[in-house]
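Colleague: build me a structure from this.
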Amino acid sequence: LAAGQSVFATLAEHDVLVHHPYDSFEATVQRLLVEAADDPDVAAIKLTLYRAGGRSRIVDALARAVERGKEVFVFVELKARFDEERNIEWAHKLEQAGIRVVYGLVEIKTHAKTALIVRREQGALRRYVHIGTGNYNAATAEMYTDIGLLSADPALGADLHDLFNELSGSSRPPQAAFRRILVAPTSLLKRLIELVEREAEHARAAGSGRIRAKLNGLADSDLIVALYRASQAGVDVDLVVRGVCTLRPGVPGLSERIRVVSILGRFLEHARIYHFANGGDAEYYIGSADWRPRNLRRRVEVVTPVRDPACCRRLDAILEAELADPTAWELEPDGGYGRRPPEPGADGRGSQERLLDLASATA
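Modeller: Okay, the predicted model is just below:
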């Protein structure tokens, strides 16, 4: 985001993909919300709050927005593990500031990372969105790798408008027929399986197919079965999974075309990216959901397609860099992990180090 231009002016021209901590959280996502709070043309700000952390400039900006007559709505998840007490404190502070606060849904966590800004422009209302993989927390944004999409796409704006209407007016998980976003626990798992099966159909028809995904965990049995079937149909499945993975790659007759790597480094890998080659018409998605039962079946999660060509190219580069990371750990068919052996004369830097060097060179 250019320092001398309004965030809204930039997003009116094109989407922006941010990759923390290589892109500053304060200069991108936090800047969007602070600018919205201070902009006299902004009418409303809405967001989900899962882990805000300690002192938060975003929360300060929301309080300032209310003082300036803006509608501010915050959905606070009180069941965020290890942060229950802190989130209760934040909810009370938000309410004391005059912000409308809604607490988590009954028996289900809201893990989505979404923000909606409504702005008056030329006699009409325009919506701006942030949909990401990480919390609205400047401290963890320096330690976790996360992805976020900033956009003025009308369809995404309409989807988040409907999402927040449901979160504020119902105790059930969102039931709306969304235009673009995929939402758990209602539609995300079904659509993911359809996308995997579509890739298998491409492989059967044309002899090739590819799925790439970056996740924190993979353990949903139905999705794993779909991936096994895709592998058997000829789809190459390349996965970056930081944590638990109950899929077994490289098993003859079952998962020979699947490989799984895990990256450990200075930062905690936290982003979620899905890519489906789709016969040359590639589709990219980012969002809050891992491929685990708790995310796909028992939480409110939001995943968005990414359509801007420059944003898609950046997601492709991230996936390729991590899959080729010379320091990665490879999951073996027996469930054990082995460190990739160094290649003589090759660049031995890991993907995190390379991305840091690139960020420094382009700063």
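
Colleague: show me the domain layout of this protein.
Modeller: Domain segmentation of the chain under automatic domain parsing yields 7-180, 188-362.

Colleague: which one of the ones you listed lies closest to residue 1?
Modeller: Of all the domains of the chain, it is domain 7-180 that lies closest to residue 1, at 5.7 Å by Cβ to Cβ. Placement of C-beta: from N, CA and C, glycine included.

Colleague: next one: the closest one to chain centre, how far?
Modeller: 13 Å (Cα atoms, centre = their mean, to the nearest Å).

Colleague: could you do stretch 3-13 as well?
Modeller: Chain-centre distance of stretch 3-13: 22 Å, with Cα atoms, centre = their mean.

Colleague: ranking the domains of the chain by mean pLDDT, which is last?
Modeller: Ranked by mean pLDDT, those bottom out at domain 7-180, which scores a mean of 91.

Colleague: start and end of stretch 256-273, how far apart?
Modeller: By Cα to Cα, to the nearest Å, the extent of stretch 256-273 from end to end equals 22 Å.

Colleague: before we move on, what about stretch 203-213?
Modeller: Using Cα to Cα, first and last residues of stretch 203-213 are 18 Å apart.

Colleague: can you offset everything so residue one is 380?
Modeller: Renumbered: residue one is now 380, and that last one reads stretch 582-592.

Colleague: could you dump the domains of the chain to CSV with distance to residue 380 and mean neighbour count?
Modeller: Formatted as CSV, these follow (distance: least, Cβ to Cβ, whole Å; neighbours: other Cβ atoms under 10 Å):
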stretch, distance to residue 380, mean neighbour count
domain 386-559, 6, 19
domain 567-741, 13, 18
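
Colleague: going along the chain, name the strands of the stretch 580-729 of the chain.
Modeller: Remark: strands assigned in the stretch 580-729 of the chain by DSSP state E, counting those that start in this stretch are 589-594, 615-620, 637-641, 647-648, 652-655, 662-666, 678-685, 708-710, 716-718.

Colleague: can you give me the angle the second one makes with strand 637-641?
Modeller: Just to be clear, that refers to strand 615-620. Orientation of strand 615-620 against strand 637-641 (axes from the mean of the first three to the mean of the last three Cα atoms, to 10 degrees) gives an angle of 20 degrees.

Colleague: and strand 615-620, which strands flank it?
Modeller: strand 589-594 (parallel), strand 637-641 (parallel) (DSSP bridges).

Colleague: out of those strands, nearest to residue 655?
Modeller: When these are compared by Cβ to Cβ, strand 589-594 sits nearest residue 655, at 5.8 Å.

Colleague: what residues does that closest one touch?
Modeller: Outside strand 589-594, the residues that touch it by Cβ atoms under 8 Å, 6 or more residues apart in numbering are 575, 578, 606, 609, 614-621, 648, 650-656, 669-670, 697-698, 701-702.

Colleague: please repeat the previous calculation with a cut-off of 7 Å.
Modeller: Residues outside strand 589-594 that contact it (Cβ atoms under 7 Å, 6 or more residues apart in numbering) are 575, 578, 609, 614-620, 650-656, 669-670, 698, 701.

Colleague: kindly report the same for stretch 692-703.
Modeller: Residues contacting stretch 692-703 (Cβ under 7 Å, 6+ apart): 396, 398, 591, 593, 617, 619, 640, 642, 652, 654, 663, 685, 730, 733-734.

Colleague: returning to that earlier point: pipe the strands paired with strand 615-620 into JSON lines and attach distance to residue 721 per row.
Modeller: Formatted as JSON lines, these follow (distance: least, Cβ to Cβ, whole Å):
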{"stretch": "strand 589-594", "distance to residue 721": "23"}
{"stretch": "strand 637-641", "distance to residue 721": "15"}
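
Colleague: looking at the ones you listed, which is closest to residue 410?
Modeller: In terms of Cβ to Cβ, the element of the strands paired with strand 615-620 nearest to residue 410 is strand 589-594, at 25.4 Å.

Colleague: how far does the closest one sit from the chain's center?
Modeller: On Cα atoms, centre = their mean, the centre of strand 589-594 falls 14 Å from that of its chain.

Colleague: report the angle between it and strand 662-666.
Modeller: 10 degrees.

Colleague: so how far is stretch 705-714 off the chain centroid?
Modeller: Counting by Cα atoms, centre = their mean, stretch 705-714 is centred 24 Å from the centre of its parent chain.

Colleague: go ahead and name everything in contact with it.
Modeller: With Cβ under 7 Å, 6+ apart as the test, stretch 705-714 has contacts from 624, 627-630, 639-643, 716-719, 721-722, 725, 727, 729.

Colleague: end to end, how far does it reach?
Modeller: End residues of stretch 705-714 are separated by 20 Å (Cα to Cα).

Colleague: hang on, residue 426 is in a strand, isn't it?
Modeller: Yes. Assessed with DSSP: H, G, I helix; E, B strand; the rest coil, residue 426 lies in a strand.

Colleague: element containing the closest residue to it other than its chain neighbours?
Modeller: By the measure of Cβ to Cβ, 6 or more residues apart in numbering, the closest residue to residue 426 outside its immediate chain neighbours is residue 494, 3.9 Å from it. In this structure, residue 494 sits in strand 493-500 according to DSSP states H and E.

Colleague: run through who's touching that strand.
Modeller: In contact with strand 493-500 (Cβ under 7 Å, 6+ apart) are residues 387, 412, 415, 418, 420-427, 504-510, 536, 539-540, 542-543, 681.
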